[in-house]
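J.: Make a model of this:
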Amino acid sequence: MKKTSFQIRSSRGKFEIRSYETGDEEKILSSWETVFGRSMPAAHWQWKYPLNPAGFRTLLCLSENGEVAVHYAGQGCRVCFFGKEVLGLQLTDIFTHPAYRWAIGGKTGLFIKTARIFWQTFLEKAPFSPEYELKVSASKALFLWGLPGHRHARLGQKMLSYDTLPRAFYAVKPPTKCKPGRKRLWLIEKAVPGLDPLPSGLNELWKRFRRKYNPFCLAKDAAYLSWRFWQRPLDCRKPELTLTNTTSPRYRFYFLKRPWSLKIRAWLVTTIEKEGILILDFLAEQPEMLTKLLIFLLSEYGDNSLRVWTSETSPWKRAFLDAGFVEQEESLGIVPSIQGFEDGFMEKKETFHWIMGDADLF
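T.: Sure, this is the predicted structure:
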């Protein structure tokens, strides 16, 4: 019989592993602040997890006094998997409270036990014993993925069957004076989430892209973009670093159209950081149209460097290289990771397209 929680006894007390319950957010955020040394506003946590249209999955390992010793969470992702929509889980905000790290290590430690129960409970065909499965109503995901650093990735590979995705493609366009290309046949429109409405035509571009490329990637339709950028709480956005305004909304969208048409041919979104302009996300009918949009961006932000992270096997690499970006050694130590156990799933892992905006959620 499936359990609703697991009880663990140790020489230093008892622990309980169970799924998230309404009201747990206060203790989660308290431990989160201790671990990461900064606070996460409650409104941001609500947006990131309960308000995520694709849902979320969270397991807590609680001490006798109710403190979160281990937090293992995944954000739901609507994923287009070669013509069908599936549920994926992006592992985020995984942590262990420093006061309980004496109980973390090894195959029988609290962290590994919590992780195995999470996988068995929320992942289809997880390779662990069914005795670890909790009784929950949430549907299971086809796969798990994330962008951990080297340390977390090594632990996951050793203990939790993590597999790796192709390495990150990281490219930079140094500050340059760039004249805008001829735009007589093209129109560039801009939108700022929080100030401007969500543009129409986003669903149509996603449908054309999906039909043409049959991709394996997050569903980048209007519903996703609305939640990801337009519904994000304003008080949680980092201020942009501009010459005239340090409190403006965080994101800038750019859209490529024909002057005589409402059809969106490409879009991309940027954020401004101390290191320069970061391209968070993009979509285009074809690489050449993304290149056109990038060349406009260079004329807009020519005095700043531009950076992008995406999957090394991305079909969009050529668009950045054609626009003058130069591939460099990846600077964050990201180890793109993935795992799923459906027959034939992992044979297609190298086609999974991700970009930094998929993970830039704090």
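J.: worst-scoring helix or strand of this structure, pLDDT-wise?
T.: With mean pLDDT, DSSP states H and E as the measure, the helix or strand of the chain carrying the lowest mean pLDDT is helix 150-159 (a mean of 82).
J.: quick one: the helices in the stretch 201-350 of the chain?
T.: Under the criterion DSSP state H, counting those that start in this stretch, helices of the stretch 201-350 of the chain are mapped to 202-213, 222-225, 287-300, 317-322.
J.: Which secondary structure elements does the second one sit against?
T.: Helix 222-225 is packed against helix 202-213, with contacts defined by 3 or more C-beta pairs under 8 Å, 6 or more residues apart in numbering; DSSP states H and E. Any C-beta I mention is one placed from the backbone N, CA and C, and that applies to glycine too.
J.: 10 Å - rerun?
T.: In terms of contacts (3 or more C-beta pairs under 10 Å, 6 or more residues apart in numbering; DSSP states H and E), helix 222-225 is packed against strand 68-81, helix 202-213, strand 276-284.
J.: can you redo these as CSV with mean neighbour count?
T.: Output for these, formatted as CSV (neighbours: other C-beta atoms under 10 Å):
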stretch, mean neighbour count
strand 68-81, 23
helix 202-213, 16
strand 276-284, 22
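J.: Run through the stretch 1-150 of the chain and note the low-pLDDT ranges.
T.: For the stretch 1-150 of the chain, the stretches with pLDDT under 70 are 1, 103-108.
J.: repeat that for 50
T.: For the stretch 1-150 of the chain, no stretch is flagged by pLDDT under 50.
J.: One more: the stretch 151-300 of the chain?
T.: If you take pLDDT under 50 as the line, the stretch 151-300 of the chain has these spans: 237-248.
J.: sorry, back to before: now for the helices and strands packed on helix 222-225, which one comes closest to Phe255?
T.: Among the helices and strands packed on helix 222-225, helix 202-213 comes nearest to Phe255, with 9.0 Å by C-beta to C-beta.
J.: Give me the helices and strands touching the closest one, please.
T.: Packing partners of helix 202-213 (3+ C-beta pairs under 10 Å, 6+ apart): strand 68-81, helix 222-225, strand 251-257, strand 264-273, strand 276-284.
J.: Of these, which is nearest Ile338?
T.: Distance to Ile338, taken as C-beta to C-beta, is lowest for strand 68-81 among these, at 11.2 Å.
J.: Direction included, what does the closest one pair up with?
T.: The pairing partners recorded for strand 68-81 under DSSP bridges are strand 56-62 (antiparallel), strand 84-96 (antiparallel), strand 216-218 (antiparallel).
J.: Alpha carbons of it, in PDB - could you do that?
T.: The C-alpha coordinates for strand 68-81 follow below in PDB (Å, rounded to 0.1, in the frame of the first residue of the first chain):
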ATOM      1  CA  VAL A  68      12.600  22.000   6.100                       C
ATOM      2  CA  ALA A  69      15.800  19.900   6.200                       C
ATOM      3  CA  VAL A  70      15.600  18.900   2.500                       C
ATOM      4  CA  HIS A  71      13.600  20.500  -0.300                       C
ATOM      5  CA  TYR A  72      13.200  18.700  -3.600                       C
ATOM      6  CA  ALA A  73      11.000  20.400  -6.200                       C
ATOM      7  CA  GLY A  74      10.200  20.400  -9.900                       C
ATOM      8  CA  GLN A  75       8.300  22.900 -11.900                       C
ATOM      9  CA  GLY A  76       5.900  21.500 -14.400                       C
ATOM     10  CA  CYS A  77       6.800  22.100 -18.100                       C
ATOM     11  CA  ARG A  78       4.500  21.700 -21.100                       C
ATOM     12  CA  VAL A  79       6.800  20.100 -23.600                       C
ATOM     13  CA  CYS A  80       6.300  19.500 -27.300                       C
ATOM     14  CA  PHE A  81       7.800  16.000 -27.800                       C
END
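J.: List the buried residues for the least confident helix or strand of the chain?
T.: Within helix 150-159, the residues scored as buried using 16 or more other C-beta atoms under 10 Å are 152-153, 155-156.
J.: Next, the angle from that helix to strand 84-96.
T.: Angle, helix 150-159 to strand 84-96, by axes from the mean of the first three to the mean of the last three C-alpha atoms, to 10 degrees: 110 degrees.
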